[in-house]
Every structure is written in C-alpha cells, then in structure tokens.
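J.: sharing a model prediction with you, sequence too.
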Amino acid sequence: MAFLKTHVRCDACGSSDGAAVNDDGSSYCFVCQKHTASAYTSEQLTTLLETNMNTTDVDLSFTSIYKEANTVSMADRRISKATAERYGVVRTSHHIDKKELVTGGDSFLFPYYDKDNTLVAAKVRGAKEKTFGCIGDWIKGTLFGQQLFSSGGKYLTITEGELDALAVYQLTGSKYPAVSVRNGAGAALKDCKANYEYINSFDNIIICFDGDVPGVKAAKEVAELFGAKAKVFKPLPEYKDACDWLSDSKEASFVQRWWSAEGYIPDGIVSGASLWDVVSQPMATADCLYPWEGLNKLTYGIRLGELVTVTAGSGLGKSQLLREIVWNLLNKTDDNIGLMFLEESVRKTGLSMMSLAANTPLHLPDAVVSADERKRAFDLTLGTNRMFLFDHFGSSSIENILNRVRYMAKGLGCKYVMLDHLSIIFSSQDNNDERKAIDEIMTKLRTLVQETNISLIIVSHLKRPSDKGHEEGAATSLAQLRGSASIAQLSDMVISLERNGQHDDPIIRNTTNVRVLKNRYVGDTGLACSLLYSKTTGRMVEVETNLGDIL
C-alpha cells in the first residue's frame, strides 16, 4: 500500500497535518494512530492518483534540483555546514507543490535512500515557514542517514526527526552514527521494524526521542523491539529534543547524558542494584493486628497488598470471624472498610456489626437493648462513616464485584475489604466450568489487590471430605479448597476454621480452631488459636485451652 497524499488533516484528533491517505482511499493518522476507512469515490481516488506526491519513479526535476542545490549551515539550529554536507542536506530556492519542486520558495531537502543506497526521495522543509512535504518514491526510503553508516557498528542513535539526527551527530563530536525515523513518533515502531536488521546489527542502540508523551511512548515501544541492546536517552524538561541541546550549546552535558543512557528494562522487571533503599528499611510487622494473639504469632498480622482467604465448612463461623476482624479494624485503625457480604442483606450485616459493639446479638429477634444502647452501637460502627456496605441486589458477576471493590478502594478510600463469599460469584457466571470460573475470579482479584494496595479478605467454601464432614470437626487442608488450586496459589494467606458443630458438649460445640494453611509472609503454618463463641454476647473470644486434640 502506498500513500496518495500526506500531511492532511485528521478529523479524529484534530491534527492539521498528521494523516496520510492510502492508495485504497483509507487514511492513517501518525499522531493518534487511528485508521479510517475510505471516504472517497472512485472518481476522487483517480484524481488523487493523478496528483500523487509519492511517484513510483524519482522525478527528474527532483534529482536535478537536488544536485544543483547548495549545502549550507542551518544557523538557527547551530547545525554546521560540515554536518549538513555529511548528511547531504541542501538548501534550494524551490518549494513543494503537489508532486514537484517549483521555483519561488526557500526549502531544505533531506535526502532518503533505499536499501541499495540509491537516492529515491526527499523530505522538504520550509527554511522560513514550518511547512513540510515529500517527493520521490517515499515508500522505498530507509531511515534518514542510514546510507552513511555501515552495519555492525558499536553505537547507533535513533531520533524522531532529521534535524535531531543532525544535532545528535554534531553533539557527539561527529563520531557516532545517528539516524532518524521517517514519520515521527507515531510511526517509529513501524519504521524500526522495517529496518530491523540494520538497527539490530549495532551493539548499542540509543533511542533519543522527544520528551513529550508520544515520544516517551514510542521510545518504550522501540526499546522493547531491541531488548537488551536498547538504551533510552532521558530528556530533561527544559530540552524537548536534541536540537534544543545544540541550540543552547550544551554539548558536554548532552554527551554525558548520552553516555549514561540507561539500558531498557521492561515493565515489571527491576534491577536488584536499585533496591538498596527498599531492602535497607526494616520490615513493618503489620498494618493492623488480628484480634487474637495466637493468630498474630503465626501471621504477624494483616498487611495491605495481601489477599487472605478464610475457609471452613458450612455454618462454622466464617462470616462471624470477618465481623470480628472488622470490629478490631474500627477500633485499632482510622481506615475505611468495605463490606461485601453476599449471603445476607445490608440490614443483617449492619445489625451484626452493631451486635459486636453492644455485646448483644441484635440481629436476633429476642435481643433486648434500650434505644440508647442501640444508638450507641450504631454510632460506634455504621455511624462512624468509615464502613461501606455493598447492597448486592442485582448482578453478582465478577466484573460487577470487581468494579465495586475498585470503587471502595479508590473512590471511598477503603484500605480493607471483606468479600463473603466466592461461591456466589462463580455460581452467577455464564461459564459452566467451575474450575475455570474460579481461576478467572482469583486471577482478577489478585490483580486488583496489587492495583489498589488494599487488604482483601475473602471467604471460600471447602470440598466435602470423603469421611467425617467439616461440620463434625474434620481437619482441613489446602487440597480441600473448592474447585481450583488457584485459590491456594494466589492467596497470600489461607486461614481455615475447624469446629465440631454436632458435639454434645456445648463448649466443644461452640469452640472453633483457627488453623493457618498457607502463610506466604513468614512460612509458619498450623493451629493458631481457639475461639469460643458466646451466644449471650455474640462474640468470639480466644481461649487458652487448645482443643485441637479433643476435636
């Protein structure tokens, strides 16, 4: 595909000259990188073909005018005559008009050669006015300046424009090759791919693009193309491009920064040598502790940026454990907390939280408290304006849940979010493959925790063991997590609850063993503590007697 017309207006982004029309009538903008379908009739395309700037053969008037033009310095840019001569940049008393250079203007011609080092085209730049054009077989052109430097050198600098290539060559003492992409930052990756073999033949590829947003983006894309060979020149705010350094006579400063250009490191890869400031600081024990000493001894508490899974058999107190943690967070931190209890209404969740403050199970119909006590419990919990509940009437799809968690974290400033429980989410998915659905949910939750740096505590059910059920005190293990290994793999901490809810002894029946199944932070696992539930107060209190052997 060839260009029929270049430097035209882009209606998508408003650029006055950033787009080009292809020979099929479609257009592409090098600024916003948007491709637009053809809006031309066949007659209009014929007219464009007749006035095509990019001819298949080099126009004879172009070559003759180029040979007769003079090489001069570019004083306004401090580019010397020697540098201009090296690159073959000439000044002519002509200007671009459709496909020909005509008299009556004043322009610089920047020559372009093909892979056989044959002159095929030129970029035309007005000497006094900021006008641009091109002439000749533009499609065949390689990088500007490529014909001057043999493959296989030690250093090659790539710039966004012809003038910057001249400036870099001059700034570095006219010793090291400098070339330019043809169409600016928007097409830099495409140009570098087209000339990959040549560029990759150099040992060090210094990418010296502009310091604006398109330039930074293009530098990253080109650096990723060449991997370890790529080095990215870091511009300064006061110097947008190489020409600015040269215009300000900052040769020495530029060269120092050029030599210290950093090797490109892809996103997510960190050099170990850069981590001293991080590893020299002592590890914080926790952002907040759990309400129970035994659990804190094994886990060192709760940390932001971690995903914690709480698991148990049905009806063994998972939701109550989360409420105790929330009550502790309300009293020990100043942070906001998000509650997403998907099995109950917000009224039930709210009353259950107030019950902890009142030491009375307010969610039960026979609870007896005065109006003042109820109001005080409200003020200490829901009335703090630090608790935000999810009214889940409607969709419980994973995307809906993720959006609510993200809003709680970013919009409401919640540092801690409780999600109870996973089974409701994956049961609402269209996918009938439970294992695949859990993998998707856990991966997205893990990513969300990293994105928002919250502490997310989720509840997951267990698979039923083959013999005694969990409701009768069966021991738990990671292998019993429901449906998929991803729950265990992607959680930082897995805490299980074990209780014989059918035991004749009321103490044993209401005592829960808390076991740590996974502990990525420190590695310690095993029985952490035992919690006795009081029906009178509705609270779970740590007891010293370890009931693990009894259960």
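T.: Received, thanks. The model shown is predicted, which means the values in this text are computed figures rather than measured ones.
J.: for the rest of this, base every contact and every neighbour count on C-alpha atoms.
T.: Will do.
J.: which stretches of the stretch 301-450 of the chain form helices?
T.: 318-332, 346-358, 371-380, 398-406, 422-427, 434-452 (DSSP state H, counting those that start in this stretch).
J.: using TSV, lay out the ones you listed together with mean neighbour count and mean pLDDT.
T.: As requested, these are arranged in TSV below (neighbours: other C-alpha atoms under 10 Å; pLDDT from 0 to 100):
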stretch	mean neighbour count	mean pLDDT
helix 318-332	19	95
helix 346-358	20	93
helix 371-380	15	94
helix 398-406	18	86
helix 422-427	18	70
helix 434-452	17	86
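J.: nearest to residue 147, out of those helices?
T.: Comparing the helices of the stretch 301-450 of the chain against residue 147 with C-alpha to C-alpha, the closest turns out to be helix 434-452 (46.9 Å).
J.: which other helices and strands does that closest one contact?
T.: Here helix 434-452 touches helix 398-406, helix 422-427, helix 486-490, going by 3 or more C-alpha pairs under 8 Å, 6 or more residues apart in numbering; DSSP states H and E.
J.: could you dump the ones you listed to JSON lines with distance to residue 21?
T.: JSON lines is the format used below for the helices and strands packed on helix 434-452 (distance: least, C-alpha to C-alpha, whole Å):
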{"stretch": "helix 398-406", "distance to residue 21": "40"}
{"stretch": "helix 422-427", "distance to residue 21": "49"}
{"stretch": "helix 486-490", "distance to residue 21": "49"}
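J.: any idea which of those helices gets closest to residue 496?
T.: For residue 496, the closest of the helices and strands packed on helix 434-452 is helix 486-490, at 11.7 Å, according to C-alpha to C-alpha.
J.: rewinding a little: nearest to residue 154, out of the helices of the stretch 301-450 of the chain?
T.: Judging the helices of the stretch 301-450 of the chain by C-alpha to C-alpha, what sits closest to residue 154 is helix 434-452, at 40.4 Å.
J.: what packs against the helix or strand following the closest one?
T.: Using DSSP states H and E, the helix or strand that follows helix 434-452 in sequence is strand 455-461. Packing partners of strand 455-461 (3+ C-alpha pairs under 8 Å, 6+ apart): strand 307-312, strand 414-420, helix 422-427.
J.: just send these back as JSON lines, with distance to residue 451 too.
T.: Shown next, in JSON lines, are these (distance: least, C-alpha to C-alpha, whole Å):
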{"stretch": "strand 307-312", "distance to residue 451": "12"}
{"stretch": "strand 414-420", "distance to residue 451": "12"}
{"stretch": "helix 422-427", "distance to residue 451": "20"}
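J.: before we move on, back to that, do you know which of the helices and strands packed on helix 434-452 lies nearest residue 533?
T.: Going by C-alpha to C-alpha, the one of the helices and strands packed on helix 434-452 nearest residue 533 is helix 422-427, 24.5 Å.
J.: tell me where the stretch 1-150 of the chain has strands.
T.: Under the criterion DSSP state E, counting those that start in this stretch, strands of the stretch 1-150 of the chain are mapped to 3-8, 19-22, 27-29, 35-36, 90-97, 100-113, 119-126, 132-136.
J.: cool, the stretch 201-350 of the chain as well?
T.: Going by DSSP E, counting those that start in this stretch, the stretch 201-350 of the chain shows strands at 204-208, 230-232, 262-263, 307-312, 336-341.
J.: wait, which of these is closest to residue 439?
T.: strand 307-312 (14.3 Å).
J.: any idea of the angle the closest one forms with strand 414-420?
T.: Between strand 307-312 and strand 414-420, the angle comes out at 30 degrees (axes from the mean of the first three to the mean of the last three C-alpha atoms, to 10 degrees).
J.: surely residue 182 is in a strand?
T.: No - counting by DSSP: H, G, I helix; E, B strand; the rest coil, residue 182 falls outside a strand, being coil.
J.: list the contacts for the closest residue to residue 328 other than its chain neighbours?
T.: With sequence-adjacent residues excluded and distances taken as C-alpha to C-alpha, 6 or more residues apart in numbering, residue 328 is closest to residue 291, at 6.0 Å. Counting by C-alpha atoms under 8 Å, 6 or more residues apart in numbering, residue 291 touches 324, 325, 328.
J.: how far away is the first one from residue 476?
T.: When C-alpha to C-alpha, to the nearest Å is applied, the distance between residue 324 and residue 476 equals 22 Å.
J.: before we move on, the earlier item: ok, which of the helices and strands packed on helix 434-452 comes nearest residue 285?
T.: Nearest of these (C-alpha to C-alpha): helix 486-490, 21.4 Å.
J.: against which helices or strands is the next helix or strand after the closest one packed?
T.: Next in sequence after helix 486-490, counting helices and strands by DSSP H and E, comes strand 493-498. Strand 493-498 sits against strand 307-312, strand 511-519, with contacts defined as 3+ C-alpha pairs under 8 Å, 6+ apart.
J.: adjacent strands (with direction) for the longest one?
T.: As defined by DSSP bridges, the strand partners of strand 511-519 come to strand 493-498 (antiparallel), strand 526-533 (antiparallel).
J.: buried residues, the last one. List them.
T.: Judged by neighbour count using 16 or more other C-alpha atoms under 10 Å, the buried positions of strand 526-533 are 527, 528, 529, 530, 531, 532, 533.
J.: where's residue 383 relative to residue 330, distance?
T.: On the measure of C-alpha to C-alpha, residue 383 and residue 330 end up 11 Å apart.
J.: where among the strands of the stretch 1-150 of the chain is the average confidence lowest?
T.: Mean pLDDT per stretch puts strand 3-8 lowest among the strands of the stretch 1-150 of the chain, at a mean of 61.
J.: so how far is residue 336 from the residue nearest to residue 328?
T.: To residue 336, residue 291 is 17 Å away according to C-alpha to C-alpha.
J.: cool, residue 387 as well?
T.: Taking C-alpha to C-alpha, one finds residue 387 at 6 Å from residue 336.
J.: with residue 299 instead?
T.: Going from residue 299 to residue 336 by C-alpha to C-alpha gives 22 Å.
J.: compare these two (neighbour count), which wins?
T.: When residue 299 and residue 336 are compared on other C-alpha atoms under 10 Å, the one with more neighbours turns out to be residue 299, at 26 against 20.
J.: list the contacts of that one.
T.: 519, 521, 522, 524.
J.: at 10 Å instead, please
T.: By C-alpha atoms under 10 Å, 6 or more residues apart in numbering, the contact list for residue 299 reads 285-286, 289-290, 293, 493, 495, 516, 518-525, 528.
J.: can you check residue 188 too?
T.: By C-alpha under 10 Å, 6+ apart, the contact list for residue 188 reads 30, 158-160, 180-182, 194, 209, 215, 218-219, 221-222.
J.: at 8 Å what do you get?
T.: Listed by C-alpha under 8 Å, 6+ apart, the contact set of residue 188 reads 160, 181, 182, 218, 222.
J.: before we move on, what SS does it have?
T.: Applying three-state DSSP: residue 188 is helix.
J.: could you find the closest non-adjacent residue to residue 362?
T.: The shortest distance from residue 362 to any non-neighbouring residue, by C-alpha to C-alpha, 6+ apart, is to residue 355 (5.1 Å).
J.: right, and the one you found touches residue 367 too?
T.: No - with contact defined as C-alpha atoms under 8 Å, residue 355 does not reach residue 367; the gap is 9.6 Å.
J.: so what sits against both of these two?
T.: Common contacts of residue 355 and residue 367, defined by C-alpha under 8 Å, 6+ apart, comprise residue 361.
J.: domains of this structure?
T.: 1-52, 146-267, 293-543 (automatic domain parsing).
J.: turn these into CSV, including distance to residue 74.
T.: Shown next, in CSV, are the domains of the chain (distance: least, C-alpha to C-alpha, whole Å):
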stretch, distance to residue 74
domain 1-52, 24
domain 146-267, 10
domain 293-543, 50
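J.: so which of those gets nearest residue 132?
T.: So among these, domain 1-52 is nearest, using C-alpha to C-alpha, at 7.7 Å.
J.: if we can go back for a sec, go through the helices and strands packed on strand 493-498 and pick out the most buried.
T.: Highest mean neighbour count of the helices and strands packed on strand 493-498: strand 307-312, a mean of 26 (counted as mean count of other C-alpha atoms under 10 Å).
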